[in-house]
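1. Sequence and predicted model, in that order:
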Amino acid sequence: MTDKRPTLTIKPKAASGKPAAKPANPAAQYARPKPAGQPAKVERKPEAKPAPAAPRRPAAPRPSYEVKPQFQQAYRPDLPADSLALAMLGAASAVAQVRNGTALPQALSNVFAAYEVTPQGRGAIQDLAYRSMRGLGRAETLLGLMTTKAPDVPMLVGLIECALVLLDPPEGEQAAYEPFTVVDQAVTAASRHPDFAHAKAMVNAVLRRFLRERETLVATAIKQPLARWNYPQWWIDATKAAYPRDWEAILAAGNRHPPLTLRVNTRKTSVEDYLRRLEEAGFQADRIGPSALRLKQATNVSQIPGFHDGLVSVQDAGAQLAAPLLGLEPGMRVLDACAAPGGKSGHILELADVELTAVDADPQRLARVGDNLGRLGLSSTLVAAEAQTQDWWDGRQFDRILADVPCTASGIVRRHPDIRWLRRKTDTRQLTTLSSEILDNLWQMLRADGKLLFVTCSLWPQESEAQAAAFAARHADAVRLDAPGQLLPSSGAGLDHDGLFYALFHKKAA
Ligand SMILES: C[S@@+](CC[C@H](N)C(=O)[O-])C[C@H]1O[C@@H](n2cnc3c(N)ncnc32)[C@H](O)[C@@H]1O
């Protein structure tokens, strides 16, 4: 087999000076992997597992007949640990992994395992990877406008897209770097990677062309919904269908940077005392809920006063509505059925001395519930099990059940901007089926006169309101109580929360 390196043609500049006509569907050029059985357009190496330690230098050349196009996403080029070039390569690897179905936090862990980087270097990779998730649709469209054929090295695509995201910041945001620095560092990054060193001139040409023709290219790109909104088309369609009036505001909200919201642990301090403590430490914050404080400046959690002593936790203000809705009293037996990483478990235990059982299907995530409760000085019984089964249950019914079921997480995209690129349209139906099984199973574990709180962080009615209505229709002994219902993501003075859904059910005595 010969080593056929991918080539890429740069589209000639249109005679008019305007960009040449775009391909029919620029999004399809860099399509994410298809479900099994369908051919993927871009050849990829599986990346779901943590990347092995990376060699520092390229392997010695092999005879061409032995060379296979195995892409080396874990390869760590010899670049300074805090250089923008290395940050761009790290982010490019993360983007390529997300396109291959890996969640961004895992993709970043893989990159950090492979690269030796300083804490600042990690911060830069993470920042760029998150920015890229929010600007990926536009970068992908722009790249499609400037090239006739997608590069078939996924990380090279990611590298150019990360550079375009830096060169083309969202409206109102300042560019993080000078354009010439971005181009120079992107070309350096390309030139040091064995999989696409051959394409460094192309990287240079594409980015320089973008700088020259930026206005026309952007004007053409944003005619495409993918570029205008930075969400897949099916997601835009689903939001429009569910919220014909608010869809644009909802999509825009998902592209904003999330605030850092704290929940004050009122077992250990009062909100007023903690606000004073924050002020003394030089932090400004707004109170946006009974125990919710929104910090005015982003900071590392380790810098938050009293965080390690359990005075506060990081939790969205909307998520802080869950525990109070349960109407907890001391001594109650409470089940948190999909508990990890334990944000709501901690709040439940802060509010009342209850006997809490925290269940989660993912043992690794469940361990984080233990860690988080330990930091708060609280504890619960931890059970790694599936909430739609009963083999883990001792048969004693619960007074209160929190069912924060697995869902598409479409309401929390501002925190997890990778979700939109990872989800498939069909996920909604599968997750709705699972959550209805979970709800029906948990209902049997609730005592008469007990309460079950059904929560999702979804915006799709199928997962939320329609699910709650169908549940009520299936259970004659379920009485729906007052609860917020669908909360759309919103921010503003005194208000800032993700998109969440709450339905509360009371179980009638027989
Ligand atoms: C929305 S998150 C829960 C967030 C959590 N309540 C909190 O406030 O920190 C959903 C959780 O459900 C878990 N999960 C997924 N499928 C499950 C199942 N069949 N049974 C129990 N837990 C499941 C996931 O591992 C995930 O941790």
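-> Alright, I've got the coordinates.
2. ranges for the helices of the stretch 151-300 of the chain?
-> Counting by DSSP state H, counting those that start in this stretch, the stretch 151-300 of the chain forms helices over residues 154-167, 179-191, 200-221, 225-229, 233-242, 247-254, 271-280, given from the N-terminal end onward.
3. now, of those helices, which is deepest in the fold?
-> Mean neighbours per residue, mean count of other C-beta atoms under 10 Å, is largest over the helices of the stretch 151-300 of the chain for helix 154-167, with a mean of 27. (Each C-beta comes from the backbone N, C-alpha and C, glycine too.)
4. other SSEs contacting it?
-> helix 84-99, helix 119-146, helix 179-191, helix 200-221 (3 or more C-beta pairs under 8 Å, 6 or more residues apart in numbering; DSSP states H and E).
5. I'd like the distance from that helix to the chain centre, please.
-> On the basis of C-alpha atoms, centre = their mean, to the nearest Å, helix 154-167 sits 19 Å off its chain's mean C-alpha point.
6. quick one: it to helix 84-99, angle?
-> What separates the directions of helix 154-167 and helix 84-99 is an angle of 120 degrees, with axes from the mean of the first three to the mean of the last three C-alpha atoms, to 10 degrees.
7. thinking again about what came up before, mind checking which of the helices of the stretch 151-300 of the chain is nearest Val479?
-> Nearest to Val479 among the helices of the stretch 151-300 of the chain is helix 233-242 (26.4 Å), distances taken as C-beta to C-beta.
8. Looking at Leu402 now. What's its pLDDT?
-> The predicted structure scores Leu402 at 98 on the pLDDT scale.
9. Make sure it is indeed in a strand.
-> Yes. Going by DSSP: H, G, I helix; E, B strand; the rest coil, the assignment for Leu402 places it inside a strand.
10. So in terms of bridging, what pairs with the residue lying closest to it once chain neighbours are set aside?
-> Of all residues not flanking Leu402 in the chain, Asp336 sits nearest, at 4.8 Å (C-beta to C-beta, 6 or more residues apart in numbering). Here Asp336 shows beta-bridge partners Ala358, Leu402, assigned using DSSP bridges.
11. just Gly485 next, same as before
-> When bridges are called by DSSP bridges, Gly485 pairs up with Tyr502.
12. for the closest residue to the ligand within the stretch 101-250 of the chain, what are its contacts?
-> When distances are taken as C-beta to the nearest ligand atom, the stretch 101-250 of the chain approaches the ligand most closely through Ala103, which lies 11.9 Å from it. For Ala103, the contacting residues are 418, 422, taking C-beta atoms under 8 Å, 6 or more residues apart in numbering as the criterion.
13. In a markdown table, list the helices of the stretch 151-300 of the chain along with mean pLDDT and distance to Leu136.
-> Shown next, in a markdown table, are these (pLDDT from 0 to 100; distance: least, C-beta to C-beta, whole Å):
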| stretch | mean pLDDT | distance to Leu136 |
| --- | --- | --- |
| helix 154-167 | 97 | 6 |
| helix 179-191 | 97 | 16 |
| helix 200-221 | 98 | 12 |
| helix 225-229 | 98 | 9 |
| helix 233-242 | 97 | 12 |
| helix 247-254 | 95 | 13 |
| helix 271-280 | 97 | 35 |
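14. Format the ones you listed as a markdown table; extra columns: distance to the ligand.
-> Written out in a markdown table, the entries for the helices of the stretch 151-300 of the chain read as follows (distance: least, C-beta to the nearest ligand atom, whole Å):
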| stretch | distance to the ligand |
| --- | --- |
| helix 154-167 | 28 |
| helix 179-191 | 35 |
| helix 200-221 | 34 |
| helix 225-229 | 24 |
| helix 233-242 | 19 |
| helix 247-254 | 17 |
| helix 271-280 | 20 |
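15. Can you list the low-confidence ranges for the protein?
-> Under the criterion pLDDT under 70, the flagged ranges of the chain are 1-71, 73.
16. centroid residue for it?
-> His416 (1.9 Å; C-alpha atoms, centre = their mean).
17. Regarding Asp496, what is its secondary structure?
-> Of the three states, Asp496 takes strand under three-state DSSP.
18. Just to check, it is in contact with Ser490?
-> Yes. In this structure, Asp496 sits in contact with Ser490. The criterion is C-beta atoms under 8 Å, and the distance is 7.1 Å.
19. With neighbour numbers in mind, choose between those two.
-> Taking other C-beta atoms under 10 Å, Asp496 and Ser490 do not tie; Asp496 has more neighbours (21 against 15).
20. Adding distance to Ala163 as columns, could you present the helices and strands packed on helix 154-167 in CSV?
-> Rendered in CSV, the data for those read as follows (distance: least, C-beta to C-beta, whole Å):
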stretch, distance to Ala163
helix 84-99, 6
helix 119-146, 8
helix 179-191, 4
helix 200-221, 6
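21. nearest to Lys451, of those helices?
-> With C-beta to C-beta as the criterion, Lys451 lies closest to helix 119-146 of these, at 37.4 Å.
22. ok, how many other residues are close to the residue lying closest to Thr357 once chain neighbours are set aside?
-> Nearest in space to Thr357, with sequence neighbours left out and distances taken as C-beta to C-beta, 6+ apart, is Thr381 at 4.6 Å. The number of residues packed around Thr381, counting by other C-beta under 10 Å, is 10.
23. if I look at Thr381, how far off is the ligand?
-> When distance is defined by C-beta to the nearest ligand atom, to the nearest Å, Thr381 is 15 Å away from the ligand.
24. In contact with that residue: list those residues for me.
-> Applying C-beta under 8 Å, 6+ apart, we find Thr381 in contact with 355-358.
25. what's the closest of those residues to Glu178?
-> Of all the contacts of Thr381, the one with the least separation from Glu178 (C-beta to C-beta) is Ala358, at 49.1 Å.
26. who are the neighbours in contact with that closest one?
-> Ala358 sits in contact with 336, 339-340, 342, 345, 366, 369, 380-383, where contact means C-beta under 8 Å, 6+ apart.
27. Touching, Gln126 and Leu108? I think so.
-> Yes. Look at Gln126 against Leu108 with C-beta under 8 Å: they come within range, at 5.8 Å.
28. In terms of packing, which of the two has more residues around it?
-> In this view Gln126 and Leu108 are compared by other C-beta under 10 Å, and Leu108 has more residues nearby, 23 against 19.
29. Secondary structure element holding that one?
-> Here Leu108, judged by DSSP states H and E, is contained in helix 104-114.
30. related to what we said a few turns ago, would you confirm that the residue nearest to Leu402 contacts Lys344?
-> Yes. Applying C-beta under 8 Å, one finds Asp336 in contact with Lys344, separated by 6.2 Å.
31. Between the two, which is the more surrounded one?
-> In terms of neighbours (other C-beta under 10 Å), Asp336 is the more surrounded of Asp336 and Lys344; the figures are 32 against 24.
32. Contact partners for that one?
-> In this structure, Asp336 makes contact with 344-345, 348, 356-359, 380, 402, 404, judged by C-beta under 8 Å, 6+ apart.
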